[in-house]
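Novice: my questions are about this predicted structure, shown below with the sequence.
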Amino acid sequence: MDEVIKLLRGRVVLCGQLIKLFNEWIDLLKINSSNTIELVNKISAIIKDLSVNAAKSQAFLDGVQSSSLKEFISAQDKDIKRDVAERLLLQSEKLQSQLQAKKATAEKLNIEGKKFADFTLNIITQTQTSNTYGAEAATSAQAKKHIFEANV
C-alpha cells in the first residue's frame, strides 16, 4: 500500500504543477505573447514525468494482478493507509479532469492565435478585399491579391 500512496502522491504533485503551468500558458496565449517556448518545455518535462509515473503504476498493477489502482485500493483492508490512498486517488482524478479542461482551453486559444496571425499576415502583405465575389479574375502579374485568395 505504501507504493500505491507514493505513486498517487507523485501523480497529484505532478498534476498540480501541470495545472499551474497550463494557467500560465493560457495567460500568455490570451495576451498573444510569444514567450511560450520555456513554458512549453516545462510542460513537456512534467508530462514525461507523468508518463513515467503511469508506467510505474502499470508495472505495480501487473505485479499485483489488478486492473486498476481503484480496484487494488478497494480490495485492501480498511485502515488509515487505505483512506489516504482513496483520498489521493480522488484528488488525482479531480486534477486530471481539470487538466482536460485546461488543455481544451489552451487548444482553443492556439487555434484563435493562428487565425489572428493569419489575419495579421494578410494585413501586412496588403491584401485587399473586393465588394464583389463574382468578378472575373485578373490574370496579370500586377493583379491585386484579395484577402479571400491570399491565405498565408
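Specialist: Alright, I've got the coordinates.

Novice: can you get me a residue count around residue 22?
Specialist: The number of residues packed near residue 22 is 20, by other Cβ atoms under 10 Å. For every residue, glycine as well, the C-beta is placed using N, CA and C.

Novice: which ones are touching it?
Specialist: 43, 99, 102-103, 106 (Cβ atoms under 8 Å, 6 or more residues apart in numbering).

Novice: out of the residues you listed, which are buried?
Specialist: Buried by 16 or more other Cβ atoms under 10 Å: 43, 99, 102, 106, out of those.

Novice: tell me the helix or strand right after the helix or strand harbouring the first one.
Specialist: This points to residue 43. Using DSSP states H and E, residue 43 sits within helix 37-64. Next in sequence after helix 37-64, counting helices and strands by DSSP H and E, comes helix 69-74.

Novice: for residue 42, which non-adjacent residue is closest in space?
Specialist: The spatial neighbour of residue 42 that comes closest, neighbours along the chain excluded (Cβ to Cβ, 6 or more residues apart in numbering), is residue 21 at 5.6 Å.

Novice: so what does the helix holding residue 43 touch, helix or strand wise?
Specialist: Judged by 3 or more Cβ pairs under 8 Å, 6 or more residues apart in numbering; DSSP states H and E, helix 37-64 is in contact with helix 2-30, helix 69-74.

Novice: can you list those helices in a markdown table and add mean pLDDT?
Specialist: Output for the helices and strands packed on helix 37-64, formatted as a markdown table (pLDDT from 0 to 100):
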| stretch | mean pLDDT |
| --- | --- |
| helix 2-30 | 91 |
| helix 69-74 | 91 |
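
Novice: residue 116: which of those is closest?
Specialist: For the helices and strands packed on helix 37-64, the distance to residue 116 is smallest for helix 2-30, at 10.4 Å, taking Cβ to Cβ.

Novice: now do stretch 31-48: distance to the chain's middle.
Specialist: 10 Å (Cα atoms, centre = their mean, to the nearest Å).

Novice: what residues sit buried inside that stretch?
Specialist: Applying 16+ other Cβ under 10 Å to stretch 31-48 flags 39, 42-43, 46 as buried.

Novice: for these, which one is nearest residue 78?
Specialist: Nearest to residue 78 among these, with distances taken as Cβ to Cβ, is residue 46, at 33.7 Å.

Novice: just to revisit the earlier point, and the helix holding residue 43 with helix 2-30, angle?
Specialist: Counting by axes from the mean of the first three to the mean of the last three Cα atoms, to 10 degrees, helix 37-64 lies at 160 degrees to helix 2-30.
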